[in-house]
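1. Let me see the structure of the following:
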Amino acid sequence: MKMMDEDRGYYFGFPKGRYTEALAGLACTKVNTCHTSSIPLAEFWQPANLGRIGEILGRAISGFCPESDLKYFEFPTEAMWKGEKIGNPSMTDLMIIGPSHKIAVEGKMTEYVRYREKTIRDWLNESERAKDVTFRRHLLSAWLNYIHEAGCTGIADYGEFFRDCKDVAYQFLHRTASACSKAGIEKGTMPVLVYQLFFDVNGREHIAKMEEFKCELRRWASLLKLRNMKFVIFSVPVTNMREVWERFGSMRGELFDLMQREAIYKFDFGGIAVETVLDAEMPSKRLAVKDNESMV
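-> Sure, this is the predicted structure:
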């Protein structure tokens, strides 16, 4: 309990950096069921686990130090188009910022089992009005600009993007953009995208769906021609999924309060797998880049 209330660099709109403050903020967010991924994500990243997390992820992310890096839950990244904010911000589940890296962590647990990710094509086709379609294309371009300005895509222009990338999940695009915003090797900050996939260690279907989702993640990264950044898939076994449902099935945001007093989820740290889909290293000498470079 003492460790949980110490300043360990956790943030959710509160100034003191305490994990308990972050949990209080998360308790006010939308939670559909006790299996909503924000719950195991918050519990996994508690202070008592930071040492083990650092050992596991540190092999894939050099310089990663979860004890001292700043950790922001529900971190907003605004889309900018022609100098103005447009649309809704991309809300990263957990943004971790260190001296040489910016890590966007997207947590998933039952989402990839229950439904298919909405693609850019799906998202564009939701609206039939020309004005709305134009707005959505501008928003897509704004997210792409962040990735391009960080030097993290080989896509040459908007034409290539709209021709070849419509099968990329829309959320994957703006999560990648969030990692790349105000980052990039040339700026001395490595953009890192981490998909943290929690799975039921006793569920064959769950595991099969996770493997299918991993294939999709790799495909989306390939379609976006990602480069000069890190992309890691972080698979975490959950050993008590059924017990959580039986005990906490009727609870929602109040689980974040309960988390301060007792464990909700149990994780098999020995069974965690880390797959580096895309790797990059900071160069010893950074080349100069043009000011205000943008997608054309």
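2. C-alpha from now on. contacts and neighbour counts both.
-> Noted.
3. Look at R114 and say how many residues are nearby.
-> Look at R114: counted by other Cα atoms under 10 Å, it has 10 neighbours.
4. Could I get the contacting residues of it?
-> Not one residue lies near R114 by Cα atoms under 8 Å, 6 or more residues apart in numbering.
5. and what of the one 10 residues further on?
-> By Cα under 8 Å, 6+ apart, the contact set of L124 is V133, R136, R137.
6. any idea of the pLDDT on it?
-> Note on L124: pLDDT of 94.
7. What is the three-state secondary structure of it?
-> helix (DSSP: H, G, I helix; E, B strand; the rest coil).
8. Please tell me I have it right and V236 contacts I272.
-> Yes - the pair V236 / I272 is scored as a contact, 4.9 Å apart, by Cα atoms under 8 Å.
9. Looking at these two, which is more packed in?
-> Using other Cα under 10 Å as the criterion, V236 and I272 rank with V236 on top: 23 against 16.
10. Double-check that the more buried one belongs to a strand.
-> Yes - applying three-state DSSP, one finds V236 inside a strand.
11. list the contacts for it?
-> V236 neighbours (Cα under 8 Å, 6+ apart): Q196, L197, F198, F199, F267, D268, F269, G271, I272, A273.
12. So which of those residues sit within strands?
-> Q196, L197, F198, F199, A273 (DSSP state E).
13. what about the third one, how many neighbours?
-> If you count neighbours by other Cα under 10 Å, F198 ends up with 24.
14. Just to check, it is in contact with T239?
-> No - using Cα under 8 Å, F198 makes no contact with T239, being 10.2 Å away.
15. all strands of the stretch 51-200 of the chain, in order?
-> All strands of the stretch 51-200 of the chain, identified by DSSP state E, counting those that start in this stretch, fall at 70-81, 84-97, 101-108, 190-200.
16. List the contacts of the spatially closest residue to K102 that is not a sequence neighbour.
-> In space, and not counting its chain neighbours, K102 is closest to P191: 5.1 Å by Cα to Cα, 6 or more residues apart in numbering. For P191, the contact set (Cα under 8 Å, 6+ apart) comprises H101, K102, I103, A179, C180, A183, G184, I185, M229, K230.
17. Need the max-distance pair from those residues.
-> Farthest pair in the contacts of P191 (Cα to Cα) is I103 and I185. Separation: 13.3 Å.
18. Settle it for me: which of those two has more neighbours?
-> Using other Cα under 10 Å, the more surrounded residue of I103 and I185 is I103, with 26 against 22.
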